[in-house]
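>>> with the input below, show me the fold.
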Amino acid sequence: MTDAASRLSRPDAPSAKPATRATTARAAAPKTGAARRGPFRPEVWLNARQRHASRLAAHYFRAFDVLAVTALTLLCAWAASPGALIHAEVSRLAPFALGAATVLALLRSLGRYRFSRGQDTRTHLLSVAAIVIVGAVVALGSGALLRRVEAAEWTAWSVWAGLTFLALMGLHLGWSAMVARWRASGALTPNIVLVGATRHAEALIREALKRRDLNVLGIFDDRLARSPTAIEGVPVLGSANDLLTHKMTPYVDRIVLAIDPKAEARVRELTVRLGTLPNEVTLLVEPNGEQEMAAALDRLAAAPLADVQGAVDPDRRAFNKRMQDLIVGLIALIGLAPVMGVIALAIRLDSPGPIFFRQRRHGFNQEEIVVWKFRSMRQETADATASRQVTHDDDRVTKIGKFIRKTSLDELPQLLNVITGEMSLVGPRPHAIGMKTGHVESARLVAEYAHRHRIKPGMTGWAAVNGSRGPLHTAQDVRRRVQLDIDYVERQSVWMDLWIMAVTVPVLLGDRAAIR
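Predicted structure coming up:
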């Protein structure tokens, strides 16, 4: 959660590309820094992973509520029981349990964890108070029905209701304040870019300027010769192809096609072309009047915290995966600390140079992250961009390096990336930025390559346990790796992750063919 408030460098300028005649002509127009940034550019840049971490806070809030109500219920039930809690009569404990279950169920089913934009804190707290009152009535009523109630039991139930009321009011007051700070910092404000410098784009931007609940970071249009340099202050940053490699994309939640839906061929072509990015692509259907435009913006700007009710959704799946990473990752880091210490000492004694090797790789939504590994190559031959992939008997690999690469022990420091939230225990393996297969950049060999970035990269993954690991020497190797990664992204679950983790060690140690 702390990474959601960190400051990042501003990706104000488009990525460097050869200037076309249209872009050269447009560059002649004077552009100040503020104008180039546009009216929506936030002061603090948060990438999609960081904003998503803030949205998942609803699940953390509910977990704390459950722990608090459960602890108070057990404490009050224990105090009201004449002997050990485990030997207490069911009729004596049932009122506490029913009251607690009612409170927790109502908090979830009535959407008390959504914290939607514009929600009044006092109204929210009143609704929480009403839920606790209903829980108290259920506890008292069930107690009166189940047993002959003594005065001490009435007191115990009343104390339980009072403590639960105070605890939940304090917690939800804190939750509301945290969400308010995140909204003020822009952590919950969606970022979009528009494709098409059209009248639809102009209408959307004008309405967004009034509302200020949606950031329009820039516009991309293939018809640069005819497009303006800016619309309502939002800069036109290049063509649709420029968007594919723009350094702004990790900060973009959604790409909106602001073109005429009747131009079906163009819509299809742009959808296919932009489909190579991990960002969601939405078509803005022409709104009829201000009411429909407001409704369209409501859908784009809707940023309540992740919904904790109903069937399993992507946000809940991401929360479960994050909890799994934290719990298993911390246990693994503590348990493997002695092993990591021995490896670090062996590397230091084996060859001169640092113990760790750091490499910039692609993370979630094409975010650039720094991945940690134990150094397995001689310092002077380190290859930060993976421009030359490892081969059998590679002269760059040290003696200790051969062992730790063969056993994948060189990957253990990535547990630090997992704990900080940049990586997951299970996911597509992160590739070095600019990694080449032969003489061609690997990302250019498969159109769907970026789809593997729709989930956090992992220390192990579906591809790794299915034989696709190590260097990618041919285009077919890249295609198979990407297909397995996309298969995992679409099927991911906690149980699948646990199974992959369970078979990773025997699969890796039993593989004598893969080059590592």
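>>> can you name the next helix or strand after the longest helix seen in the chain?
Counting residues, the longest helix found in the chain (DSSP state H) is helix 151-185. With elements assigned by DSSP states H and E, the helix or strand that comes after helix 151-185 is strand 191-195.
>>> direction included, what does that next one pair against?
Strand 191-195 pairs in its sheet with strand 215-220 (parallel), strand 254-257 (parallel), by DSSP bridges.
>>> rewinding a little: buried sites along the longest helix of the chain?
By 16 or more other Cβ atoms under 10 Å, the buried positions in helix 151-185 come out as 153, 156-157, 160-161, 163-165, 167-168, 171-172, 175-176, 178-179, 182-183, 185. Every C-beta, even on glycine, is put in place using the N, C-alpha and C of the backbone.
>>> starting at the chain centroid, how far to that helix?
29 Å (Cα atoms, centre = their mean, to the nearest Å).
>>> where does the prediction get shaky in the stretch 351-500 of the chain?
382-392, 436, 438-440, 442-448 (pLDDT under 70).
>>> next, the residue of the chain most remote from its centre: secondary structure please.
Here the chain reaches farthest from its C-alpha mean at R148, the gap being 52.5 Å by Cα atoms, centre = their mean. Here R148 takes the coil state, with states given by DSSP: H, G, I helix; E, B strand; the rest coil.
>>> deepest-packed of the strands paired with strand 191-195, please.
Of all those, strand 215-220 has the most neighbours on average by mean count of other Cβ atoms under 10 Å, namely a mean of 26.
>>> who's in contact with that one?
By Cβ atoms under 8 Å, 6 or more residues apart in numbering, the residues outside strand 215-220 that reach it are 38, 40-42, 186, 189-197, 201, 204-205, 208, 227, 230-231, 234-240, 242-243, 248, 251-252, 258.
>>> out of the strands paired with strand 191-195, which comes closest to V103?
V103 lies closest to strand 254-257 among the strands paired with strand 191-195, at 36.3 Å (Cβ to Cβ).
>>> what sits up against the closest one?
Outside strand 254-257, the residues within contact range by Cβ under 8 Å, 6+ apart are 190-196, 204, 243, 267, 270-271, 274, 277, 279-284, 300.
>>> now list the buried members of those.
Burial by neighbour count, judged by 16+ other Cβ under 10 Å, picks out 190-196, 204, 243, 270, 274, 277, 279, 281, 284, 300 from these.
>>> between those, which is nearest N47?
Of all those, N191 has the smallest distance to N47: 9.3 Å, by Cβ to Cβ.
>>> which residues does the closest one bridge with?
Per DSSP bridges, the residues bridged to N191 are N215.
>>> which pLDDT value belongs to it?
At N191, the model reports a pLDDT of 87.
>>> so it touches V252, yeah?
Yes: with contact defined as Cβ atoms under 8 Å, N191 reaches V252; the gap is 5.4 Å.
>>> about what we covered before: in helices, which of the contacts of strand 215-220 appear?
Using DSSP H, the subset of those located in helices is 201, 204-205, 208, 240, 242-243.
>>> want to throw the residues you listed into a markdown table with distance to D487?
Converted to a markdown table, these look like this (distance: Cβ to Cβ, whole Å):
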| residue | distance to D487 |
| --- | --- |
| A201 | 36 |
| L204 | 36 |
| I205 | 39 |
| A208 | 37 |
| A240 | 28 |
| D242 | 30 |
| L243 | 27 |
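>>> which of those residues count as buried?
Buried by 16+ other Cβ under 10 Å: 201, 204-205, 208, 240, 242-243, out of the ones in helices among the contacts of strand 215-220.
>>> tell me the SS of W372?
Secondary structure, three-state DSSP: W372 is strand.
>>> excluding sequence neighbours, find me the nearest residue to it.
Among residues not flanking W372 along the chain, P413 sits closest, at 3.9 Å (Cβ to Cβ, 6 or more residues apart in numbering).
>>> list the residues that contact that neighbour.
Residues near P413 by Cβ under 8 Å, 6+ apart: 340, 356, 372-374.
>>> where's it relative to V128, distance?
Separation of P413 from V128 (Cβ to Cβ, to the nearest Å): 44 Å.
>>> and for V478?
Using Cβ to Cβ, V478 is found at 52 Å from V128.
>>> let me know the pLDDT of L173.
According to the prediction, L173 has pLDDT 94.
>>> can I assume it is in contact with L125?
Yes: counting by Cβ under 8 Å, L173 does reach L125; the two are 6.5 Å apart.
>>> mind checking pLDDT for A68?
At A68, pLDDT is 95.
>>> ok so, going back, biggest separation within the ones in helices among the contacts of strand 215-220, which pair?
Taking every pair in the ones in helices among the contacts of strand 215-220 and measuring Cβ to Cβ, the maximum separation is 22.0 Å, between A208 and D242.
>>> just say helix, strand or coil for L72.
L72 carries the three-state label helix when classified by three-state DSSP.
>>> that one: neighbour count?
L72 has 21 neighbours, counted by other Cβ atoms under 10 Å.
>>> name the nearest residue to V494, ignoring sequence neighbours.
Nearest to V494 is N320, by Cβ to Cβ, 6+ apart, at 5.2 Å.
>>> likewise M459?
With Cβ to Cβ, 6+ apart, the residue lying closest to M459 is Q414, at 5.0 Å.
>>> what's near enough to touch the one you found?
371-373, 423, 459.
>>> export these to TSV and tack on distance to G111?
Compiled in TSV, those are given as follows (distance: Cβ to Cβ, whole Å):
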residue	distance to G111
V371	39
W372	40
K373	44
M423	32
M459	36
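>>> would you convert those into JSON lines that also reports neighbour count?
Formatted as JSON lines, the contacts of Q414 follow (neighbours: other Cβ atoms under 10 Å):
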{"residue": "V371", "neighbour count": "24"}
{"residue": "W372", "neighbour count": "19"}
{"residue": "K373", "neighbour count": "18"}
{"residue": "M423", "neighbour count": "27"}
{"residue": "M459", "neighbour count": "26"}
